[in-house]
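Colleague: please find the sequence and the predicted model below.
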Amino acid sequence: MHDHQPQQNAALPGGERPAWALIGPGIAALTGLYLLTMPFGPAARVSLQSDLALPGQTALLMTLVAYLVSAAAGGALGVGLGGRLLTTVGMTATAFMIIGVLLNALAPDSGIYVTGRVLSGLGAGGVVGATVAVARRAGRSRGAMIAILAGLGVLALILGPLINHGLSSALSWRLGYLFTVLPLVVGLIVAAVSGFVLFLTRRPAQPHPAGLPYPPAEQRP
């Protein structure tokens, strides 16, 4: 008789993902929350309205609504697909966010700016939804993981207008959007690397005593 030693790269039970698989999507999700509130720093708000000829506070609030509505749509997709396709959803959503913030930073008029907000919101909702979907299935570490992500999320919402106010006062409101490209690119690269590692360490089908293979554990990066 031969003892079967457990594989170190075996899939986690119940389709769970290791905590490190959430680092890339988590960075993008926190950046998405930061993007939600950043236009509302006092200096950024005034400069934005002046440069893009936004007619008063109502127009600025409409950009917030556009962000939230698109984020809700993206969030539904993220929750539905993120548990099974974390890497695919996370990278696609992050790419949408990068395109969106670049449109915001370079926007010559309010139409391009709103388009950028819609794309950013769609991506942010998708990556937040995927992150939440996976965190909820984190087994024994679920509570701690959700608490950490929630705390960092609140911090990102608070810091958004404060940091952007400082950047807008010293330089330009457009720099506030360019500033977010770096963490988004980092999140995209980390998500790609972690997805590749998950793909390489998937558990193969295990032999059955009767000669039939067990079905492989579901773990798709």
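Modeller: In hand now; what should we look at?
Colleague: list the buried residues of the helix or strand hosting Gly74.
Modeller: For Gly74, the host element (DSSP states H and E) is helix 56-82. Buried positions in helix 56-82, judged by neighbour count with 16 or more other CB atoms under 10 Å: 59-60, 63, 66-68, 70-71, 73-75, 77-79, 81-82. C-beta here means a position set from N, CA and C on the backbone, and glycine is covered the same way.
Colleague: tell me which of these is nearest to Ile148?
Modeller: Ile148 has its nearest neighbour among those in Gly82, at 17.8 Å by CB to CB.
Colleague: contacting residues for the closest one?
Modeller: For Gly82, the contacting residues are Pro25, Val89, Gly90, Gly126, Gly129, Ala130, Thr131, Val132, Ala133, Val134, by CB atoms under 8 Å, 6 or more residues apart in numbering.
Colleague: let's see that with 6 Å instead.
Modeller: Counting by CB atoms under 6 Å, 6 or more residues apart in numbering, Gly82 touches Val89, Gly129, Ala130, Ala133.
Colleague: spatially nearest residue to it (excluding sequence neighbours)?
Modeller: Ala130 (2.6 Å; CB to CB, 6 or more residues apart in numbering).
Colleague: can you tell me the helix or strand for that neighbour?
Modeller: helix 110-135.
Colleague: got the angle between that helix and helix 56-82?
Modeller: If you take axes from the mean of the first three to the mean of the last three CA atoms, to 10 degrees, helix 110-135 sits at 40 degrees to helix 56-82.
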